[in-house]
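Asks: just coords:
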Ligand code: ATP
């Protein structure tokens, strides 16, 4: 059986995950990647998306991350993100409202709208809703 690896997911405010895990999958900017214990060290940037890991019992756990960086060492993975939430900590109503707000902004013809910002907010909200299962 594969050995466990330590996973930390850290934001400026919180240590969101501090677990021993079997495998970590993360949304790298160059594509999704998986890390097992003993992986060659590397550093990469992350897209907004979902970190999926299996805990020591093999149960799959989902964590939203708003981009950031991942550092993999042979026995530890550290993810630094501006924001990150475990599935159970995501406020689905809040994410739905954020999605609706962003959609309205993007659909409006108001020249004062910052479209890049609205699109980034929409993507964050959609990924949060994917993690909760509201969006498939
Ligand atoms: P909102 O417009 O609802 O604030 P946002 O995408 O702009 O959403 P972020 O800037 O990514 O929010 O995060 C700000 C803080 O709020 C972070 O601490 C983040 O973990 C938390 N947060 C944002 N949305 C949610 C949510 N739906 N459920 C739980 N925590 C959330």
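Replies: Received the coordinates, thanks. Everything quoted here is computed from the prediction, not taken from an experiment. Numbering: from 1, shown residues only.
Asks: Domain-wise, how is the protein divided?
Replies: 5-87, 91-132 (automatic domain parsing).
Asks: Show me how far the shortest one is from its chain's centre.
Replies: Right, the one you point to is domain 91-132. Centroid separation for domain 91-132 versus its chain: 17 Å, with C-alpha atoms, centre = their mean, to the nearest Å.
Asks: close to the ligand, is the helix ranked longest in the chain?
Replies: Of all the segments of type helix in the chain, defined by DSSP state H, the longest one is helix 115-132. Yes - contact between helix 115-132 and the ligand, assessed by C-beta under 6 Å from any ligand atom, occurs at 121, 124, 128. To be clear about C-beta, it is placed using only N, CA and C from the backbone, and glycine gets the same treatment.
Asks: list the helices and strands that helix packs on?
Replies: strand 42-55, strand 60-73, helix 92-107 (3 or more C-beta pairs under 8 Å, 6 or more residues apart in numbering; DSSP states H and E).
Asks: Go through the ones you listed and pick out the most buried.
Replies: strand 60-73 (a mean of 19; mean count of other C-beta atoms under 10 Å).
Asks: what mean pLDDT does that strand have?
Replies: Strand 60-73 shows a mean pLDDT of 97 in the predicted model.
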